[in-house]
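S.K.: okay, structure incoming, though there's no sequence with it:
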C-alpha cells in the first residue's frame with residue numbers, strides 16, 4: 001500500500017494552533033478509545049476559540065494573492081484549473097479595459113474585442129471562454145434574481 005505524504009498545515013492553521021494543541025492532536029490515536037472522542041472535541045473547541053480570537057483584526061488580502069497562496073495546497077489538476085481560471089479572469093479584465101478604451105475613442109463602433117480575443121485562443125479555450133462569458137453575463141444581467149444560497153448552479 002502506497003503511503004501518501006502528509007498534507008501541509010495551512011498558514012491559517014499554524015496561526016490558530018498553538019504547539020501544545022498540535023501535540024495533543026498527534027497523541028489522540030494513542031489514547032484509550034474512551035478518551036479519544038472527548039479529547040478530539042476538546043481540541044476542536046479550543047481551535048474554535050483561538051480562531052474567534054484571531055479574527056479580531058484579521059487582515060484582508062487581494063484575491064490574486066489568496067489564489068496564489070492556495071495553490072500550494074492543491075493537487076496538480078486543481079492547480080491547473082485554478083491557473084486556467086486566473087488566465088480567464090485576466091483576459092476578461094483586459095477585454096473590459098479594451099472595451100472602455102474603445103468606448104472613449106470615436107468611430108470604433110465596429111471594433112469587438114471579444115472577437116479579437118477569441119481569434120487567439122485554441123478551440124478548447126474558446127469554448128471555455130464562451131462558457132465563462134455566458135455565465136458572467138447572466139450573473140450581471142440579473143443581479144438579484146431572488147435566489148437563496150444554494151439555489152443556483154454556480155455555488
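M.R.: That came in fine, so what should we check first? Not measured: the values here are computed from a predicted model.
S.K.: wait, residue 136 sits on residue 93?
M.R.: No. Using Cβ atoms under 8 Å as the test, residue 136 is too far from residue 93 to be in contact (11.6 Å). Every C-beta, even on glycine, is put in place using the N, C-alpha and C of the backbone.
S.K.: now the strands for this structure?
M.R.: Counting by DSSP state E, the chain has no strands to list.
S.K.: in it, which spans are helices?
M.R.: Using DSSP state H, the helices of the chain run over 11-16, 19-27, 33-54, 63-70, 76-104, 113-119, 123-141.
S.K.: out of these, which gets nearest to residue 2?
M.R.: Among these, the nearest to residue 2 by Cβ to Cβ is helix 76-104 (16.5 Å).
S.K.: tell me the angle that closest one makes with helix 123-141.
M.R.: Interaxial angle, helix 76-104 versus helix 123-141 (axes from the mean of the first three to the mean of the last three Cα atoms, to 10 degrees): 60 degrees.
S.K.: packing partners of helix 76-104?
M.R.: helix 63-70, helix 113-119, helix 123-141 (3 or more Cβ pairs under 8 Å, 6 or more residues apart in numbering; DSSP states H and E).
S.K.: would you single out the least confident of the helices of the chain?
M.R.: Among the helices of the chain, helix 113-119 carries the lowest mean pLDDT, at a mean of 69.
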